[in-house]
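A.B. asks: Everything below, folded, please.
(2 chains)
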Protein chains: 2
Amino acid sequence: MGLVIPFEEATGSGDLAKLVSLVHGDMGKVNETIMARTDSRVAMIPEVANHLIESGGKRLRPMMTLATAGLCGYPGQGHVKLAASVEFMHTATLLHDDVVDDSDMRRGKLAARMLWGNEASVLVGDFLLGQAFRMMVEVGSIPCLDVLSTAATVIAEGEVMQLAAAKDTTTTEDDYIAVIRAKTAALFAAACEVGPIIAGRPKAEIAACRAYGTNLGIAFQLIDDALDYGGSSQKLGKNTGDDFREGKITLPVVLSFRRGPESERAFWRKCLEDGRIDDGDLERAIGHVRKHRAIEDTIERARHYGAMARDALGLFPSSEWKDALLDVVEFCIERAH
Amino acid sequence: MGLVIPFEEATGSGDLAKLVSLVHGDMGKVNETIMARTDSRVAMIPEVANHLIESGGKRLRPMMTLATAGLCGYPGQGHVKLAASVEFMHTATLLHDDVVDDSDMRRGKLAARMLWGNEASVLVGDFLLGQAFRMMVEVGSIPCLDVLSTAATVIAEGEVMQLAAAKDTTTTEDDYIAVIRAKTAALFAAACEVGPIIAGRPKAEIAACRAYGTNLGIAFQLIDDALDYGGSSQKLGKNTGDDFREGKITLPVVLSFRRGPESERAFWRKCLEDGRIDDGDLERAIGHVRKHRAIEDTIERARHYGAMARDALGLFPSSEWKDALLDVVEFCIERAH
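C.D. replies: Numbers count the residues shown, from 1 in each chain, chains lettered A, B, ... in the order given. Okay, the predicted model is just below:
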């Protein structure tokens, strides 16, 4: 039952130092809650859950809940369980995603489904989702329950949307943004919205934190998708080219497909629609993406959403918490370099 | 968006006539709610959800919520959304179970995963679970949210327990009862408990309805497991022998394994632990089960839990509702004949 961590941030690699130091005490409590709530008399549950939970994810989403509660001067303890709920919702999504995507790796380790099977990944995900709701119920705020249960629905909707759009090279940039708004940004938004809600802040501040979270989440996912065509496996904790192999149509592909000649489009269709990927095709895909500056422009789009996230916090007076939240935007975008 | 039904009950096949007639009006509202809440801008979601929802399940669980609310004289409308939540939780479990069990059939139709893939079954299940929680949140009763979110966790725990016990012929009757108490009875219990809670009834009545639901659920699952070694495919809407082929250790097996000679135990181990099932093995298994009167005794055990369910309602005065709920116990057990 030791503490979890190793945060990337805690090792001093980025701009999250301010945030990490501000939430340090509360994150200790969140981590204890996470450990306690993955426990079960059924031994396979903590085994599967902790395999993923202890694999060094950043815990960015629960930190957002703690930080927005801090920004709003919340004096209580409810934010700890809400933050743990948010992390459980995220972990449940990852377990189910690995099954949906047939992924072998997650955060640089074998995916849980490779070790315990798809069955365990589906069911332990369900268990964690149940525990997430139990913790929210214990906090007892109906508005927070509303925000987080709606997010759970929207995330699943986004995943199905992505499934329907997969292998479809006619996907537009708008379609793509709609998918990541649902599958990624909805949880960031909810994580940030429950902070001011639990603190009893007025509507305008709740809306501001939600907007911050939504736009941060979109920027975060855009950078993730850019890295899949340019980052290193180690940095992302997943394999470069995963999206390509799974036929996912992300923004680097949407842009390259539109900017290239018909011969390149035929190549994308063969790989992503027909699923026929030959030796050297990933390198060829990366070559096309680079040639059309699709990575740079994906990062540029991320900056746009990052700017909206920053501006959303404009109505809050200066504070350490606000500075820390602004740093998160930088961190998410600078990961690309 | 037509209404759903065909209930087995509505065609007059059993003892549920009293219940069906009492809840008729409210079940219309539950069915409308179900249809409205499976809708989504993502077309695949209502397609997958309705494939299963329209396949003529009995809707026994939501009827339990309506009936226990009726028993307790609840005058409001909150029970409709709670009942729809219960059915969504059940539907989500079925979608995930089909993936976990690699099932081809469900309720006499192809399982959703055979038509839309495992991915869609996992994600649409997640969507329905999210919608279930949203509806509970709309009702706004924290104690009901507590009961139903706890049930969601316990169900997942029970499924993992079953996964760990699968293929293990050393499973005892107690182990088996612990599994079905969690994976099946927990939802029946919660469905029955939220009725008196929403009606604001005292603790003793809440506990009584919960006990009724728990014991009814255990009896229901025992009969289901008996039918798997003796019923017809049509009656159950699944294939006789599914449990056998999936290596599930249910009570008919637990009893037969203990009552037979070593040669039969070797047979059970070969089939269930090693998964080597040859032509004629299902017939041989059914033969063993019959010879040892394991079906009769499984039904006998179900009667025991059924008696406890009936007695749990003893503190309620006579009423149409009470009679209807007592009939449900008979119905669940008489299915076996």
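A.B. asks: which residues in the stretch 101-250 of chain A form strands?
C.D. replies: Here the stretch 101-250 of chain A has its strands, by DSSP state E, counting those that start in this stretch, at A:105-106, A:109-110.
A.B. asks: can you redo the ones you listed as JSON lines with mean pLDDT?
C.D. replies: Below are the strands of the stretch 101-250 of chain A laid out as JSON lines (pLDDT from 0 to 100):
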{"stretch": "strand A:105-106", "mean pLDDT": "79"}
{"stretch": "strand A:109-110", "mean pLDDT": "86"}
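A.B. asks: If you count contacts, what does the host helix or strand of residue A:66 end up packed against?
C.D. replies: Secondary structure assigned from DSSP states H and E places residue A:66 in helix A:60-71. With contacts defined as 3 or more Cβ pairs under 8 Å, 6 or more residues apart in numbering or on different chains; DSSP states H and E, helix A:60-71 has these neighbours: helix A:17-38, helix A:78-101, helix A:186-198, helix A:203-227, helix A:320-334. C-beta: built from backbone N, CA, C; applies to glycine.
A.B. asks: tilt between the shortest one and helix A:203-227?
C.D. replies: What separates the directions of helix A:186-198 and helix A:203-227 is an angle of 160 degrees, with axes from the mean of the first three to the mean of the last three Cα atoms, to 10 degrees.
A.B. asks: Counting neighbours, what do you get for residue A:287?
C.D. replies: Using other Cβ atoms under 10 Å in any protein chain shown, residue A:287 is surrounded by 13 other residues.
A.B. asks: Look up how far residue A:250 lies from it.
C.D. replies: Residue A:287 sits 17 Å away from residue A:250, going by Cβ to Cβ, to the nearest Å.
A.B. asks: got it, and residue A:197?
C.D. replies: 32 Å.
A.B. asks: Next: residue A:223.
C.D. replies: 11 Å.
A.B. asks: Near chain B, which residues of the stretch 101-250 of chain A? Just list them.
C.D. replies: A:118-120, A:122-124, A:126-127, A:129-131, A:133-134, A:136-137, A:140, A:142, A:145-146, A:149-150, A:152-157, A:159-161, A:163-164 (Cβ under 8 Å from any Cβ of the partner chain).
A.B. asks: In the stretch 151-300 of chain A, what residue lies closest to chain B?
C.D. replies: Nearest residue of the stretch 151-300 of chain A to chain B: residue A:153, at 3.2 Å (Cβ to the nearest Cβ).
A.B. asks: show me the contacts for that residue.
C.D. replies: B:127, B:130, B:131, B:133, B:134 (Cβ atoms under 8 Å, 6 or more residues apart in numbering or on different chains).
A.B. asks: again, only this time at 6 Å
C.D. replies: B:127, B:130, B:131 (Cβ atoms under 6 Å, 6 or more residues apart in numbering or on different chains).
A.B. asks: Kindly report the same for residue A:38.
C.D. replies: Taking Cβ under 6 Å, 6+ apart, one finds A:46, A:49 in contact with residue A:38.
A.B. asks: And it, what's its pLDDT?
C.D. replies: Listed pLDDT for residue A:38 reads 96.
A.B. asks: Residue A:222 now?
C.D. replies: 97.
A.B. asks: And for the closest residue to chain B within the stretch 1-150 of chain A, the neighbour number?
C.D. replies: In the stretch 1-150 of chain A, the residue that lies nearest chain B is residue A:130 (3.2 Å; Cβ to the nearest Cβ). The local packing of residue A:130 (other Cβ under 10 Å) involves 25 other residues.
A.B. asks: That one contacts residue B:152, correct?
C.D. replies: Yes. The pair residue A:130 / residue B:152 is scored as a contact, 3.7 Å apart, by Cβ atoms under 6 Å.
A.B. asks: Point out where chain A drops to low pLDDT.
C.D. replies: For chain A, applying pLDDT under 70 flags the ranges A:1-14, A:231-239.
A.B. asks: what's the closest non-adjacent residue to residue A:140?
C.D. replies: Closest residue in space to residue A:140, ignoring its immediate chain neighbours: residue B:142 at 5.6 Å, by Cβ to Cβ, 6 or more residues apart in numbering or on different chains.
A.B. asks: count of residues packed around residue A:291?
C.D. replies: 12.
A.B. asks: ok, now which ones touch it?
C.D. replies: For residue A:291, counting by Cβ under 6 Å, 6+ apart, there are no contacting residues.
A.B. asks: Mind listing residues that contact stretch A:263-278?
C.D. replies: Contacts for stretch A:263-278 (Cβ under 6 Å, 6+ apart): A:167, A:169, A:247, A:257, A:281, A:288.
A.B. asks: need those residues in TSV with distance to residue A:227, can you?
C.D. replies: Output for the contacts of stretch A:263-278, formatted as TSV (distance: Cβ to Cβ, whole Å):
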residue	distance to residue A:227
A:167	21
A:169	21
A:247	18
A:257	19
A:281	19
A:288	17
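A.B. asks: For residue A:51, state which of the residues you listed is nearest.
C.D. replies: Lowest distance from residue A:51 to those (Cβ to Cβ) belongs to residue A:247, with 26.8 Å.
A.B. asks: give the contact list for residue A:91.
C.D. replies: Counted by Cβ under 6 Å, 6+ apart, residue A:91 has contacts A:52, A:128.
A.B. asks: State the distance from the residue of the stretch 151-300 of chain A closest to chain B to residue B:92.
C.D. replies: From residue A:153 to residue B:92 the distance is 12 Å (Cβ to Cβ).
A.B. asks: same deal with residue A:315?
C.D. replies: From residue A:315 to residue B:92 the distance is 40 Å (Cβ to Cβ).
A.B. asks: swap in residue A:73?
C.D. replies: 38 Å.
A.B. asks: Same check on residue A:226?
C.D. replies: 34 Å.
A.B. asks: again with residue A:318
C.D. replies: Relative to residue B:92, and taking Cβ to Cβ, residue A:318 is found at 46 Å.
A.B. asks: buried set for stretch A:160-171?
C.D. replies: For stretch A:160-171, a neighbour-count test (16 or more other Cβ atoms under 10 Å in any protein chain shown) marks A:160, A:161, A:162, A:163, A:164, A:165, A:166, A:167, A:169, A:171 as buried.
A.B. asks: CA atoms only: put it into CSV for me.
C.D. replies: C-alpha atoms of stretch A:160-171 as CSV (Å, rounded to 0.1, in the frame of the first residue of the first chain):
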residue,chain,number,x,y,z
VAL,A,160,-18.2,5.4,-30.2
MET,A,161,-17.9,8.4,-32.5
GLN,A,162,-14.2,7.7,-32.9
LEU,A,163,-15.0,4.0,-33.6
ALA,A,164,-17.5,5.1,-36.3
ALA,A,165,-15.0,7.6,-37.8
ALA,A,166,-12.1,5.1,-37.7
LYS,A,167,-10.7,4.1,-41.0
ASP,A,168,-12.7,6.9,-42.7
THR,A,169,-10.4,9.3,-44.5
THR,A,170,-13.2,11.6,-45.3
THR,A,171,-13.2,12.7,-41.6
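A.B. asks: what comes into contact with it?
C.D. replies: A:175, A:179, A:247-249, A:257, A:268-269, A:272-273, B:42, B:44-45, B:119, B:123.
A.B. asks: before we move on, what about stretch A:123-133?
C.D. replies: A:37, A:45, A:48-49, A:85, A:88-89, A:91-92, A:95-96, B:133, B:149, B:152-153, B:156-157, B:159-160.
A.B. asks: Tell me which of the contacts of residue A:153 fall in helices.
C.D. replies: B:127, B:130, B:131 (DSSP state H).
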